[in-house]
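Asker: Sequence plus predicted model, see below.
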Amino acid sequence: MTATTQPPRYFALLPAAGVGARMAANGPKQYLTVGGKPMLRHAVDAFRASPLVAHTYVVVSPDDGVIDSVLPPGLDGVTVLRVGGATRMDSVLNGLRALDGQIAPHDLVMVHDAARPGLTPALIARLIEGVGDDPAGGLLALPVVDTIKRSAPGADGGALSAATVPRNGLWSAQTPQMFSYGLLLRALGSAPDANAITDDASAVEMLGHAPRLIEGHPRNLKVTLPADIRIAEMYLAHKED
Ligand SMILES: Nc1ccn([C@@H]2O[C@H](COP(=O)(O)OP(=O)(O)OP(=O)(O)O)[C@@H](O)[C@H]2O)c(=O)n1
Ligand SMILES: C[C@](O)(CO)[C@H](O)COP(=O)(O)O
């Protein structure tokens with residue numbers, strides 16, 4: 001078989017080079033202990049436990065001094081890339097570029113926030129099955145269940161409800177977000193502004209594609225604020241939901 005006729009392989013790429021400013025902890029949140037181990041280890045172990053995933057790459061800051069204690073060099077199925085950048089998009093793009101020649105253009109890459117420890121092999125399988133061979137790729141997401149307000153500044157500096165955003169058709173994006181290596185590299189490489197791209201799917205959409213939305217799970221929350229820790233702990237106490 002030629003390279004392009006071989007079935008695609010599935011890889012994971014975890015951006016883990018953030019500083020966790022909103023968590024206001026005494027270090028990057030991806031290393032906080034939740035569920036008995038450092039946060040990023042949960043998602044790494046979910047990918048390592050999935051029979052569908054060929055290899056997992058973790059992108060950290062070049063000066064990261066913690067990762068080796070969380071992912072010991074030589075850990076099976078995992079490679080650390082010390083190419084983290086100033087934004088999440090930069091970290092993902094730097095990671096993709098570091099894998100040039102190791103991943104084929106038609107292979108699939110699942111980009112997953114290291115700050116989402118609730119990922120399970122079942123959710124990984126759900127994404128892969130749901131996207132199938134759709135060239136537009138796809139992502140885990142949840143239909144919005146709250147009413148969404150658009151704010152306006154109040155005279156006292158508070159926020160006023162200026163409008164209600166129609167909820168139908170609104171989804172909250174999770175990760176993994178899965179695309180072919182070639183498409184994702186093109187999309188992020190041609191994105192106009194790294195700060196305008198807060199998720200990988202938005203860069204793919206800018207190329208005119210419509211990635212599939214595959215229902216995720218509340219356990220797959222992004223741990224962003226201090227209050228999220230307790231929610232994550234609750235879900236991590238239950239391996240599968
Ligand atoms: N320059 C960056 C910024 C973020 N991330 C990663 O992208 C994921 C989602 O980002 P976020 O939740 O915003 O993490 P932080 O940027 O660390 O948080 P904050 O915005 O509060 O600083 C995290 O796993 C984070 O480590 C990254 O790899 N490189
Ligand atoms: C990628 C993401 O998790 C999808 O909801 C989100 O956009 C990340 O945002 P952050 O500000 O980088 O945490």
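Answerer: Perfect, I can see it now. Ligands and ions are numbered 1, 2, ... in the order given.
Asker: Do you have the helices of this protein handy? List them.
Answerer: Per DSSP state H, the chain carries helices over the ranges 39-49, 67-70, 88-98, 121-131, 181-189, 200-206, 226-236.
Asker: Among those helices, which comes closest to ligand 2?
Answerer: Smallest distance to ligand 2 across those (C-beta to the nearest ligand atom): 4.3 Å, for helix 88-98. Using the backbone N, CA and C atoms, a C-beta is placed for each residue, glycine as well.
Asker: Need the residues that contact stretch 218-235.
Answerer: 22-25, 29, 32, 34-35, 39, 113, 115-120, 123, 140, 142, 174-175, 238, 241 (C-beta atoms under 8 Å, 6 or more residues apart in numbering).
Asker: So for it, what gets flagged as buried?
Answerer: Neighbour-count burial for stretch 218-235, counted by 16 or more other C-beta atoms under 10 Å, picks out 219-223, 228-229, 231-232, 235.
Asker: what about the nearest residue to Gly137 once chain neighbours are set aside, distance to Leu160?
Answerer: Nearest non-adjacent residue to Gly137, counting by C-beta to C-beta, 6 or more residues apart in numbering: Phe179, 3.6 Å away. Phe179 sits 39 Å away from Leu160 when distances are taken as C-beta to C-beta, to the nearest Å.
Asker: What are the neighbouring residues in contact with the residue lying farthest from the centre of the chain?
Answerer: Ranked by distance from the centre of the chain (C-alpha atoms, centre = their mean), the top residue is Ala155, with 37.7 Å. Going by C-beta under 8 Å, 6+ apart, Ala155 touches no other residue.
Asker: Ala162 versus that one, what's the distance?
Answerer: Between Ala155 and Ala162 the computed distance is 13 Å (C-beta to C-beta).
Asker: Equivalent analysis for Val66, please.
Answerer: 43 Å.
Asker: Looking at these two now, which is surrounded by more residues?
Answerer: When neighbours are counted by other C-beta atoms under 10 Å, Val66 and Ala162 differ, and Val66 comes out ahead with 15 against 10.
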